[in-house]
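> for reference, the sequence and a predicted model appear below.
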Amino acid sequence: MNPYIEILRPGNALMSAISIILVALIDKTISIPVVIAMLAVFFETAAGNVINDYFDYKIDLINKPDRPIPSGRISLKNGRNYGYFLFFMGTVCGFFISYLTNNWIPFAIVLFADVVLYLYAYKLKSTPLLGNLTVGFMTGFGFVFGGFSINNPTIIMTSIFLGFFALVMTTAREIIKDIEDIEGDKADGARTLPILIGAKKPAILAAILIVVDSALCPLLYYYHVFGILYLPVIAIAVVLFIYSAIIILKSQEREVAAKASKNLKIGMLIAFVAFVFGSL
């Protein structure tokens, strides 16, 4: 694979753009601002991935020597400049969305994302809990960005609710991933929450976040955001969520944390499917 494509982590960037597609499906419309919003989210996510590889250069020399920068296929300087270029492209997309919709909030959101993604790669990801919250916040922000790009008050409120759901569940999963990665993070000198206070308390916090998010899921049907088809599909996701909370409370072993993290990821994908079915 071309190193300049590989470093984007294109699959990850495309997954991030799904949030825009889901919001557009709820509104039952596809417009030029929506298409540009998908591009903006792709560019911003890709920029975050690239700048993260730039700052992780020394760690990746040991842990991931085949990545484009540590392998020498992309120089450190070119990697940094490539990240800046992607941030610029995302920002340009945000400007055009705001210009077309006469609403400057999307442009402000992209500028905010530029700062947060850069700070996350530079400093925040090594900050206990704040790094987890930042990943969750940016995941949820994709939905909110989609809502403001459509610029429909009802859709904006729905996108905020979906964004909150994504924020809470993603934060829980990031905490569990830190439990899974304790040994590796210790070797890298990281200061994650499980390293600082042990795995049990972060597991309890993650479980609480999962239960709270699961309890909120039926509200999307109750407030007529989604139709009846939403319920049976989201029920499957909720079962996976609660199961993950139970097993991580019982044990914080690496294998258990990996299983809980995987189940949460699958559950979130099923939840996205539920959003689609509920919009039919």
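That came in fine, so what should we check first? Numbers count the residues shown, from 1 in each chain.

> for Arg67, which three-state class applies?
coil (DSSP: H, G, I helix; E, B strand; the rest coil).

> mind checking how far it is from Ile182?
22 Å (C-beta to C-beta, to the nearest Å). No exception for glycine: its C-beta is placed from N, CA and C like everyone else's.

> same question for Ser19.
30 Å.

> who's more crowded, these two?
Neighbour count, other C-beta atoms under 10 Å: between Ser19 and Ile182, Ser19 has more, with 27 against 19.

> just the pLDDT for Asp188.
Looking at Asp188, its pLDDT stands at 68.

> just give the nearest non-adjacent residue to Ile175, would you?
Ala206 (4.3 Å; C-beta to C-beta, 6 or more residues apart in numbering).

> so where does the one you found fall, helix or strand?
helix 200-216 (DSSP states H and E).

> list the buried residues in that helix.
202-203, 205-207, 209-211, 213-214 (16 or more other C-beta atoms under 10 Å).

> figure out how far it is from the centre of its chain.
18 Å (C-alpha atoms, centre = their mean, to the nearest Å).

> and for it, what's in contact with it?
164-165, 168-169, 171-173, 175-176, 178-179, 193-194, 238, 241-242, 244-246, 248-249, 252, 264 (C-beta atoms under 8 Å, 6 or more residues apart in numbering).

> those residues in strands, which ones?
Members of these lying in strands (criterion: DSSP state E): none.

> quick one: mean pLDDT for stretch 152-163?
Averaged over stretch 152-163, pLDDT sits at 88.

> do the same with stretch 108-123
According to the model, stretch 108-123 has a mean pLDDT of 92.

> that older thread, just put the buried residues of helix 200-216 in a markdown table and tack on distance to Val276.
Converted to a markdown table, the buried residues of helix 200-216 look like this (distance: C-beta to C-beta, whole Å):
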| residue | distance to Val276 |
| --- | --- |
| Pro202 | 32 |
| Ala203 | 32 |
| Leu205 | 30 |
| Ala206 | 27 |
| Ala207 | 28 |
| Leu209 | 24 |
| Ile210 | 22 |
| Val211 | 25 |
| Asp213 | 19 |
| Ser214 | 19 |
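
> would you format the residues you listed as a markdown table with distance to Thr45 and pLDDT included?
Formatted as a markdown table, the buried residues of helix 200-216 follow (distance: C-beta to C-beta, whole Å; pLDDT from 0 to 100):
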| residue | distance to Thr45 | pLDDT |
| --- | --- | --- |
| Pro202 | 26 | 95 |
| Ala203 | 28 | 96 |
| Leu205 | 26 | 96 |
| Ala206 | 24 | 96 |
| Ala207 | 28 | 96 |
| Leu209 | 23 | 96 |
| Ile210 | 24 | 97 |
| Val211 | 29 | 96 |
| Asp213 | 22 | 94 |
| Ser214 | 26 | 95 |
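
> thank you kindly, that will do.
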